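Enquirer: please find the sequence and the predicted model below.
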Amino acid sequence: MFSYESLRASSAAIFAALPRVLAALAFVLVAIFIARSARWAAERTLRSKATHANLRAALGRLVFTVVIAVGILIAATIAFPTFTVGSLIQLLGVSGVVIGFAFKDIFQNFLAGILLLVTDPFEVGDEIVIDKFEGTVKDVQGRATVIETYDRRIIIVPNADLFTKVVTVNTAHHRREGQCDVIVKGTTDITRVQQLLERTVRGKIEGVDDDPLAAALLVSIGGGALTFRLLWWSGSERSVYLAVQDRVLTRVFEALRAEQLEIG
């Protein structure tokens, strides 16, 4: 049971510590203001250097977090004079391993996100492929990257996976090469078929580049059939690429049918 004297002593201790606690809270508020100012200054400095927008935001958050952490540490020493940096280090030494294991994935993904933004292998709006997922990059966050698939599903990919696995960036360049194999049966006249295919693909098909010229290369002979690989250049976006491929194959099919050549 608490006696009157112990209650009185506790109250006196609380009132004695109250000014320090209020001063610590005031310092925390000042630290928040300083942290926001530091974040704004960091983002403005990076903006003047044409840094990636997501990288500016990530580094701004990092600056904000560091300033807040330092402010809370100083506030703790104000509120509790017996609290020192040495005691904090001792505490972290005991719990640091546990915290490290608990937040290993978070730290790993955050660091990978920073490295992705610094190296800039792709940008928001790029179309990429990782593992079995393919889609458009919508956002690069601190922990993960958001990808929207072509059928409008949202895929959240940990940044560590994007940094350690093979990623194909389909829109790394504005133009990309398209290709398709065509098997022609019932003829041994290679020159005739090759010229027909090249003339067809180069025949002003919408979306097919004139430079470099489209080509039809013989890749195999066997089983009474000739296999040609059609090569052309078009826009790298998936919607453009597939539309051009559709026009190319339709035109090729019509040309071969008009020459009464059998398609395998």
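Expert: Structure's in. What do you need?
Enquirer: can you map out the helices along the stretch 1-150 of the chain?
Expert: Applying DSSP state H, counting those that start in this stretch to the stretch 1-150 of the chain gives helices spanning 4-48, 53-79, 85-102, 104-119.
Enquirer: residue ranges for the strands of the stretch 101-250 of the chain, please.
Expert: 127-130, 133-140, 144-149, 154-158, 167-169, 175-185, 215-222, 225-235 (DSSP state E, counting those that start in this stretch).
Enquirer: any idea of the mean pLDDT for the first one?
Expert: The reference is to strand 127-130. Computed over strand 127-130, the mean pLDDT rounds to 96.
Enquirer: what helices and strands are in contact with that strand?
Expert: strand 133-140, strand 167-169 (3 or more C-beta pairs under 8 Å, 6 or more residues apart in numbering; DSSP states H and E). For every residue, glycine as well, the C-beta is placed using N, CA and C.
Enquirer: same list (the strands of the stretch 101-250 of the chain) but as TSV, adding distance to L242 and mean neighbour count.
Expert: Compiled in TSV, the strands of the stretch 101-250 of the chain are given as follows (distance: least, C-beta to C-beta, whole Å; neighbours: other C-beta atoms under 10 Å):
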stretch	distance to L242	mean neighbour count
strand 127-130	12	19
strand 133-140	13	17
strand 144-149	15	19
strand 154-158	20	15
strand 167-169	16	15
strand 175-185	9	15
strand 215-222	20	13
strand 225-235	10	19
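Enquirer: and E262, what is it in contact with?
Expert: By C-beta atoms under 8 Å, 6 or more residues apart in numbering, the contact set of E262 is 184-186.
Enquirer: circling back to that earlier point, how about a markdown table for the strands of the stretch 101-250 of the chain, with distance to I68 added?
Expert: A markdown table is the format used below for the strands of the stretch 101-250 of the chain (distance: least, C-beta to C-beta, whole Å):
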| stretch | distance to I68 |
| --- | --- |
| strand 127-130 | 34 |
| strand 133-140 | 23 |
| strand 144-149 | 23 |
| strand 154-158 | 26 |
| strand 167-169 | 34 |
| strand 175-185 | 46 |
| strand 215-222 | 61 |
| strand 225-235 | 46 |
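Enquirer: those strands: which one's closest to G60?
Expert: Counting by C-beta to C-beta, G60 lies closest to strand 133-140 out of the strands of the stretch 101-250 of the chain; the figure is 14.3 Å.
Enquirer: that closest one to helix 53-79, inter-axis angle?
Expert: In terms of direction (axes from the mean of the first three to the mean of the last three C-alpha atoms, to 10 degrees), strand 133-140 departs from helix 53-79 by 50 degrees.
Enquirer: for strand 133-140, what is the distance to the chain centroid?
Expert: Here the centre of strand 133-140 is set off from its chain's centre by 7 Å, with C-alpha atoms, centre = their mean, to the nearest Å.
Enquirer: returning to what we had before: now the helices and strands packed on strand 127-130 in a markdown table, with distance to E206 and mean pLDDT?
Expert: Listed next are these as a markdown table, based on distance: least, C-beta to C-beta, whole Å; pLDDT from 0 to 100:
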| stretch | distance to E206 | mean pLDDT |
| --- | --- | --- |
| strand 133-140 | 23 | 92 |
| strand 167-169 | 25 | 95 |
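Enquirer: could I get those as TSV with distance to A41?
Expert: Below are these laid out as TSV (distance: least, C-beta to C-beta, whole Å):
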stretch	distance to A41
strand 133-140	23
strand 167-169	33
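Enquirer: quick one, which of the strands of the stretch 101-250 of the chain gets closest to G203.
Expert: That would be strand 225-235 among those, by C-beta to C-beta, at 11.4 Å.
Enquirer: what strands flank that closest one, and is each parallel or antiparallel?
Expert: Partner strands and pairing direction for strand 225-235 (DSSP bridges) are strand 175-185 (antiparallel), strand 215-222 (antiparallel).
Enquirer: now these in JSON lines, with mean pLDDT and distance to L62?
Expert: Shown next, in JSON lines, are the strands paired with strand 225-235 (pLDDT from 0 to 100; distance: least, C-beta to C-beta, whole Å):
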{"stretch": "strand 175-185", "mean pLDDT": "94", "distance to L62": "36"}
{"stretch": "strand 215-222", "mean pLDDT": "93", "distance to L62": "51"}
